[in-house]
Every structure is written in structure tokens, then in C-alpha cells.
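[1] Pasting the sequence and the predicted coordinates here, then a few questions.
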Amino acid sequence: MATADRIVPSAVRIFAARLSGFPPPDAGSGALPGRVRAGRSEELLRRLLSRFTGIAPERLPIGRGCWGKPLLPESFGLWFNLSHSADRCLVAVARFPVGIDLEADVPRRDPVGLARRFLPAEEAAVAAAAPPAERTLSFLRAWTKREAFLKGCGTGLFRSPRSFRLVRRDGSPWEEVDPPEPEGARWAVRSLDCGAGFVGALAVSHRSPDAVVPTIEEISAADLAFDPVPTLSVDAKD
């Protein structure tokens, strides 16, 4: 793995991992239970942040924002977000606020109904117009961008995912969130290539999103000298 203790101002470093590859190896060969996935994601997050801060994982002062978003004190100048789905986990780390979402691309029972419930009418119409075999993917591509922003700004689903527009930037992979946040913060979102079977998106609060360089690095337990340690809950989110 590339050196994980530095990050340049315009970068977002995204770390990807298979949760079944992390100890303890007690879940058998089937799907990991949600509690196990959450615990391993939290441990992975703490060990990554330890590499950036020089603070032992169990001593990291991870607190919460007013809506419950896990964060470090502003004096650290380090923002992070994580998401996990099925056996995969993504952790985004940057020098500015970020949000990330990951979803397994497995068929949903009623993707059009989900789209109509959670997406604006024009985006729901795109999912409804897709061929039946592609409707789940169409929904997830739109949904992950909206959830990445809601996680990044800290409200999560306390705020409706239909309460804002995503405006395409000409010639750019980024879409701007409209309107800006009440305090003036501007956000942009984009889809991520998360590999076969997964759909993901990244959100950033940055004055020039086209200057932001996201990279995805695959990591393993060996990269982090992974021995479980006691942790404080940060509510890792599916």
C-alpha cells in the first residue's frame, strides 16, 4: 500500500477493503452479519486515521456532530467518512469535508418504487424507463450520489434526499448540490468506479471540485498490522 500518513490539500484518498479479510475470522464462509461488518469497518477506520494522526486507534478523539456524524476535532484538519455494503468497505479521508456511499448492486424487489419514494420525479422517471434488468442499477447510481452528500454534510436521512437538486457541470464528472448549504458551503458529488457488483459515490465540500483528485487504494489486514483493539463506537453505516 502507498504511504498512508500524508494527504495533499486537493486529494481524497479512498481506501477499499474486503471485510471478510479482517480478524477475527469467526463468521464462517457465509455473509458477514451486520454487527460484524460494522465492528470491522470501525476498526479499519480507526487504524487508517491513526496512520494520518499518529494517535493510537483506541485513543482517537472521535466525536459527533449535531446530527450524529462521526468526526475529529477541527484542529486536526482531517475529515473522513465511511460506508460498507456486503463484504466491502470504503473509507474516504481528506483535508476538507467529504461523504461517501457504497451499495451492492443486487436486485431490489421494487427499484422503481424506491426511486419514486427517494428521488426527485425526473430521476425516478429515468429509473422507471430503464430496462427491467437495469432498474436497480439506475436507482443506485442516483441514490448513492444523494446519500454521499447527506452523509458528508452531516444530516444523513434526517434530511429528505429529495430536498435538493444535482446540477451537472459542463465537461465535468461532478454535479453541484443546489441550493448551497445555509452557512454558504458548496458541495459537489460524482459517481465512483467501485468495481463489479458495487455502486458508489463521493461528495466533497470544496471551492473547486474539478481540482479534487480522488484515488482508490485497496488495503488488507496486513497493511494495517491489524490486531483488534478496544474501540469507541462511531456507528459505521451500511
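    Nice, thanks for sending it over.

[2] so Val167 makes contact with Glu175?
    Yes. Counting by CB atoms under 8 Å, Val167 touches Glu175, with 6.0 Å between them. No exception for glycine: its C-beta is placed from N, CA and C like everyone else's.

[3] Mind listing what's buried along stretch 150-163?
    Buried positions in stretch 150-163, judged by neighbour count with 16 or more other CB atoms under 10 Å: Leu150, Lys151, Gly152, Cys153, Gly154, Thr155, Gly156, Pro161.

[4] how about these in JSON lines, adding pLDDT?
    Formatted as JSON lines, those follow (pLDDT from 0 to 100):
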{"residue": "Leu150", "pLDDT": "97"}
{"residue": "Lys151", "pLDDT": "97"}
{"residue": "Gly152", "pLDDT": "97"}
{"residue": "Cys153", "pLDDT": "96"}
{"residue": "Gly154", "pLDDT": "95"}
{"residue": "Thr155", "pLDDT": "94"}
{"residue": "Gly156", "pLDDT": "94"}
{"residue": "Pro161", "pLDDT": "96"}
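
[5] number of nearby residues for the closest residue to Arg162 other than its chain neighbours?
    Nearest residue to Arg162 in three dimensions, chain neighbours excluded: Pro120, at 5.3 Å (CB to CB, 6 or more residues apart in numbering). By other CB atoms under 10 Å, 17 other residues sit near Pro120.

[6] Contacts for stretch 208-219, please.
    Residues from elsewhere that reach stretch 208-219, judged by CB atoms under 8 Å, 6 or more residues apart in numbering: 1-2, 4, 10-17, 44, 48, 90, 92, 169, 172, 174, 176, 188, 190, 192-194, 202, 204, 206.

[7] Quick check: what element follows the helix or strand bottoming out on mean pLDDT in the chain along the chain?
    Scoring the helices and strands of the chain by mean pLDDT, DSSP states H and E places helix 34-53 at the bottom, with a mean of 90. Using DSSP states H and E, the helix or strand that follows helix 34-53 towards the C-terminus is strand 63-64.
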